[in-house]
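> Quick one: sequence plus predicted model below, questions after.
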Amino acid sequence: MGLIVNGGTAIAGGTIAVTVSDSVASNNGASDPSRGAGFLAQSDVGQEPVRLTVLRSASATNPSNGILAFGANARVFVNESAVFNNASGWLAQSGAVITTFGNNAVIGNAANESAQTSASLK
């Protein structure tokens, strides 16, 4: 596994907010794209909200997902980053949201390269 941010570990009433900058996540996760990722935010109903920001970073050559957001309380923000050569590029499942600022390189992945929720830089 790469970096995992899990909402099941917080104190009740809080939000888990993590920023990753100028980092590389490579060769992480299982070969099954439903398991693991270079960067993973996971939080479902009844767990603390998770907010993961990936800034100027790369998730490459992972046998699973480059970036995975899973669960209704998980949100990932991606800015100036690369998601390259993974089994699955970026994937939001089970009500999770991945937000991009439109300035990322998502290419060369075997699946899941489609556009995510977009936001404008301010």
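It's in.
> Going by C-alpha atoms from here, please, whenever you check contacts or count neighbours.
Will do.
> neighbouring contacts of the helix or strand of the chain with the lowest mean pLDDT?
Taking mean pLDDT, DSSP states H and E as the measure, the chain has strand 3-6 as its least confident helix or strand, at a mean of 92. Identification of contacts with strand 3-6 by Cα atoms under 8 Å, 6 or more residues apart in numbering yields Ile16, Val18, Ala25, Ala37, Gly38, Phe39, Leu40, Ala41, Gln42, Ser43, Val50, Leu52.
> quick one: strands adjacent to the helix or strand that it is followed by?
Per DSSP states H and E, the first helix or strand lying C-terminal to strand 3-6 is strand 16-21. Here strand 16-21 is paired, per DSSP bridges, with strand 50-55 (parallel).
> what distance separates the partner strand from the centre of its chain?
Taking Cα atoms, centre = their mean, to the nearest Å, one finds strand 50-55 lying 7 Å from the centre of the chain it belongs to.
> So what touches it?
For strand 50-55, using Cα under 8 Å, 6+ apart, the contacting residues are 5-7, 15-22, 41-43, 73-81.
> Only whichever of those are buried, select them in PyMOL.
In PyMOL, this line selects whichever of those come out buried by 16 or more other Cα atoms under 10 Å:
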select buried, resi 5+6+7+16+41+42+43+73+74+75+76+77+78+79+80+81
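> can you list the weak-confidence ranges in this protein?
Scanning the chain with the threshold set as pLDDT under 70 gives 9-12, 31-35.
> residue nearest the centroid of it?
Ile67 (3.4 Å; Cα atoms, centre = their mean).
> list the contacts for that one?
Contacts of Ile67 (Cα under 8 Å, 6+ apart): Ala37, Gly38, Phe39, Leu40, Ser59, Val83, Gly89, Trp90, Leu91.
> Most neighbours among these, which one?
Highest neighbour count within the contacts of Ile67, by other Cα atoms under 10 Å: Ala37, with 36 neighbours.
> how about the nearest residue to that one, chain neighbours excluded?
Taking Cα to Cα, 6 or more residues apart in numbering, and ignoring the residues beside it in sequence, Ala37 has Asn65 as its nearest neighbour in space, at 4.4 Å.
> Alright, calling it a day.
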